[in-house]
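Enquirer: the following comprises the amino acid sequence and a computationally predicted model.
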Amino acid sequence: MTAAALIVGHMNAPYGHVLDEQAVWNSLRNGKLSTGSERADAILGAMFCEMEPQLIVRCAVEIKVPIAQVNRLYQDTLARGNMRCPAWERAMEALT
């Protein structure tokens, strides 16, 4: 199972099928929420607080996206009003 499938399964659990793997991949690649719908963007925006940083990094590695690009996505979620995610920020500090 891909890391994106695990992320989608967890993030969709309370809502039903809203996100798919492509939405996660597009957002990681673009460095900004790129799901195609406001509702899906809002759900995926919580990913950094909901998921372990290791799983998000694994997803990026699977699709060959640089971690700096993934951190741009995190910054985009903050700009949209999502909560800071200390675990993600600690993981990024450890990598720099």
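Expert: Here it is on my side, so go on.

Enquirer: okay, strands next: where are they in this protein?
Expert: Counting by DSSP state E, the chain forms no strands at all.

Enquirer: and the longest helix for it?
Expert: In the chain, with assignment by DSSP state H, the single longest helix is helix 67-79.

Enquirer: got the contact list for that one?
Expert: Helix 67-79 has contacts (CB atoms under 8 Å, 6 or more residues apart in numbering) with 27-33, 45-48, 56-57, 60, 84-85, 88, 92, 95. Heads up, the C-betas are built off the backbone N, CA and C, glycines and all.

Enquirer: again, 6 Å this time
Expert: 27-28, 31-33, 45, 48, 60, 88, 92 (CB atoms under 6 Å, 6 or more residues apart in numbering).

Enquirer: identify the farthest-apart pair in those residues.
Expert: 33 and 92 (18.2 Å; CB to CB).

Enquirer: quick one: which of these two has more around it?
Expert: residue 33 (24 against 17; other CB atoms under 10 Å).

Enquirer: quick one on the thing from earlier: which parts of the longest helix of the chain are buried?
Expert: 67, 70-71, 73-74, 76-77 (16 or more other CB atoms under 10 Å).

Enquirer: stretch 63-72: end-to-end distance?
Expert: Taking CA to CA, to the nearest Å, stretch 63-72 runs 16 Å from one end to the other.
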